[in-house]
Structure formats: structure tokens, C-alpha cells
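Asker: this one's sequence-less:
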């Protein structure tokens, strides 16, 4: 491949990165000699962070050499969302690279360029891998915490909570009689078949729910099982259609970063309503990388289908369409 061919492949790659991440995410630097360079402000969705990386593209890239990168910085993407939430602050995470991490990501860039891409453009492939790699090593995203406030102005200074969020926080029941009553009213829970990879096991539990209290009751009932309670993660997502027609939805990663959001997205894709899904994972000792997200969602989808939860929703939607005619 000639220098001219390399230049065109580089240009195509830059245009593709702008299309994927947005034009503002790719900051073209002034050329200093034949080598072109740019800074990529890459969203690391699994890490809930954003990294700024300076790439240098030699004339011999991609045909003969990989790109060269310089790590600039990384910061919480959560910090941007908290700026729109007055009265809250997010504790800062130390998102840094150790010497071993630098060595790993440099090695992976060369390996992916040579083996996966067969000496072709590689930056998007590498950034996708980088997100998964760092998610297992960086600290979990911190939860926004409220700033101290003047109690005399509490009515006006407390951020308004959504009706959906308020529903999910139910008081703990201590009375044995009350506890028996709660268990009697717990929705029926359907448990799907287990999926296994490298000794990690994934099992999904699904139930019909119509309120935050139902969601909490399902979670509490599952946690009575010691095996489930002691699992590595219990990822939860739910979608409920309220009386006013709006959708109430939320999720909980339970330590498996971004898994709750992905599970919630699955419920949206299959148009599931009045459903809660809890996927239990027992870690088998081997990191699965991005495959774990596929297994979590596959376990959930199979349980939704096997339990008839998706089918019921499809019939309900079809019935509504027929009624409109």
C-alpha cells in the first residue's frame, strides 16, 4: 500500500470516528511534517467515563505500522450529568493508568492492528476493547451525594424526586405477621434456565409488577434464598406502565458496571411492560470481558420468552391496535 493509500485510509478512519463519536469528539491537530495527528475524546460507556487520547498517524499507518498514542487524561462522565442536578456533588475517582496498564493497552493496540485488523485501521476496535479492559480495573462510578443544606429552606432546596424513584424505596418490615402478609402478596417469580461460561453461571428471574412495592417485594423474596443473596451480582431492571400512561423504569447494576442499563435497554427493545427482571451471576474465577453482558441479556431474554412475559405484552399490544380500529 502506498503513502497515498495510507493517507486515504487514515482520512476514512477519522471521518468514521467523527460519525460514531461526533465531530466535537475528534480534535484535529495542526500538521507538523508528514505525520498527521488528532485528539480523540472517547466515551467509555462501561466505565461511565471519558478519555482524551492523542493519536499520531505515521505515513506507514495502517499498512506497515500501528498508530502511536499518548494518554492525556480521563474523567467521570457522571460529573457532567450532576452539573444539571443542583444540590448534589459526585466524589472524584482516580482514573489513572499504572505502568502495567499502559503496557497492556500498548500491547493490545499492536496486537489488534496486526491480528484482528490484518494491518488496517484499528482505533475504533481498540477503543471498544479499552472500555471493557478499564471497567474491570478502575474503581466503580461513585454515587452523587447531596450537599449540606439549610434545613430551614428544606422544602425548596431538596431536589424533586420522581414518582417512580419514590415508589421503589419501601420501609423494611420487622413484624413476623407483617412479613407473612408481604410474602403472601409477593408476585409469582419465574426462574429461567441457567447459562454457563468458564464456570460463571447466569440465571434470570422474572415477575409481573405494577408498583415499586412489587419490585421491592420480588427483590426481597429472592434475597431470602441464601445462594442468590451470596451471588456475585444480582442485576435488576424493571418497566412499569403507570395509570397516567407514562412508563416508570429503573435499574440496578449491583456492582456489575453498566449491566443494569443494558438490561433496562433490553426491556425497552422487547417492549416489556409491568415486568421486573433480576439476573443473578455467580463468578467462576475467569473474567469474561464483554461476553458477560451478552450472557446477562441472553439469560433475561430467554426467561422473558419462556415465562410468556414478552408474548403477553405482544398480545396486549395487538389487542390495543385491534380496539383502535
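Answerer: Thanks, I have the structure now. From a predicted model like this one, the values you see are computed outputs, not experimental measurements. Numbers count the residues shown, from 1 in each chain.
Asker: now do the helices in the stretch 151-300 of the chain.
Answerer: For the stretch 151-300 of the chain, the helices defined by DSSP state H, counting those that start in this stretch cover 154-157, 163-168, 176-184, 212-223, 226-229, 259-269, 291-306.
Asker: which of those helices comes out lowest on mean pLDDT?
Answerer: Note on the helices of the stretch 151-300 of the chain: helix 154-157 shows the lowest mean pLDDT, a mean of 33.
Asker: which non-adjacent residue is nearest the most centrally placed residue in the chain?
Answerer: Centroid-nearest residue in the chain, with Cα atoms, centre = their mean: residue 258, separated by 2.2 Å. Nearest non-adjacent residue to residue 258, counting by Cβ to Cβ, 6 or more residues apart in numbering: residue 46, 4.6 Å away. No exception for glycine: its C-beta is placed from N, CA and C like everyone else's.
Asker: what does stretch 292-312 contact?
Answerer: 190-195, 197, 200, 202-206, 208, 235, 237, 256, 258-259, 262-263, 266, 270, 272, 275, 277, 279, 281, 288 (Cβ atoms under 8 Å, 6 or more residues apart in numbering).
Asker: what does stretch 106-113 give?
Answerer: 62, 66-67, 69, 119-120, 122, 125-126, 129-130, 133.
Asker: likewise for stretch 51-68?
Answerer: By Cβ under 8 Å, 6+ apart, stretch 51-68 touches 1, 3, 5-7, 9-10, 13, 29, 34-42, 44, 69-74, 95, 109-110, 113-114, 117, 119-123, 127, 130.
Asker: hmm, 7 Å instead?
Answerer: 1, 3, 6, 9-10, 34-42, 44, 69-74, 109-110, 113, 119-123 (Cβ atoms under 7 Å, 6 or more residues apart in numbering).
Asker: let me see the contact set for residue 291.
Answerer: Residue 291 neighbours (Cβ under 7 Å, 6+ apart): residue 197.
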